[in-house]
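Undergrad: build the 3D model from these lines:
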Amino acid sequence: MSVFEHVVYHSACLDPSNPTKPTLEIEAVVREGDVDDGPVLLPWADFVFMVGKPIADRCYREFADTGRIVEHLGVKHLAFPLWTAGEIIHL
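TA: Modelled structure (predicted):
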């Protein structure tokens, strides 16, 4: 998994039991500017791949209504505005 400028890449779904309340667990090297200000973003296409299109379609309206679907560089993303950093090692 990797994070670059707020966007999560190479992720996987570990627990699909509650797709409208996803928990994103990230273990990645992050550098200054990657997660400093603003939400962590998961490309919407990755979320669809993780949970399947029928489930993603059902979740989309709720995410959109709560402002969690955002455009970044012309691509839709699912925003994770609240997150907690675990162990951070500065390289």
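Undergrad: may I have the beta-bridge partners of Leu42?
TA: Leu78 (DSSP bridges).
Undergrad: what sits against it?
TA: Val7, Val8, Ser11, Leu24, His77, Leu78, Phe80 (C-beta atoms under 8 Å, 6 or more residues apart in numbering). Any C-beta I mention is one placed from the backbone N, CA and C, and that applies to glycine too.
Undergrad: counting neighbours, what do you get for the fifth one?
TA: Spelled out, that is His77. Counted with other C-beta atoms under 10 Å, residues neighbouring His77 total 23.
Undergrad: that one reaches Ala64, doesn't it?
TA: No - at 12.0 Å, His77 does not count as touching Ala64 under the criterion of C-beta atoms under 8 Å.
Undergrad: so what touches the longest helix belonging to the chain?
TA: Determined from DSSP state H, the single longest helix within the chain is helix 53-65. Helix 53-65 is contacted by residues Pro16, Pro19, Thr20, Trp44, Phe47, Val48, Val51, Ile69, Leu78 when judged by C-beta under 8 Å, 6+ apart.
Undergrad: please list only the buried members of those.
TA: Pro19, Trp44, Phe47, Val48, Val51, Ile69, Leu78 (16 or more other C-beta atoms under 10 Å).
Undergrad: dump the residue contacts of the closest residue to the third one other than its chain neighbours.
TA: The spatially closest residue to Phe47, leaving aside those adjacent along the chain, is Leu78, at 5.1 Å (C-beta to C-beta, 6 or more residues apart in numbering). By C-beta under 8 Å, 6+ apart, the residues touching Leu78 are Pro22, Leu41, Leu42, Pro43, Trp44, Phe47, Phe63, Arg68, Ile69.
Undergrad: and the pLDDT for Leu78?
TA: Per-residue pLDDT puts Leu78 at 95.
Undergrad: now do it against Met50, distance only.
TA: Here the criterion is C-beta to C-beta, to the nearest Å. By it, Leu78 lies 10 Å from Met50.
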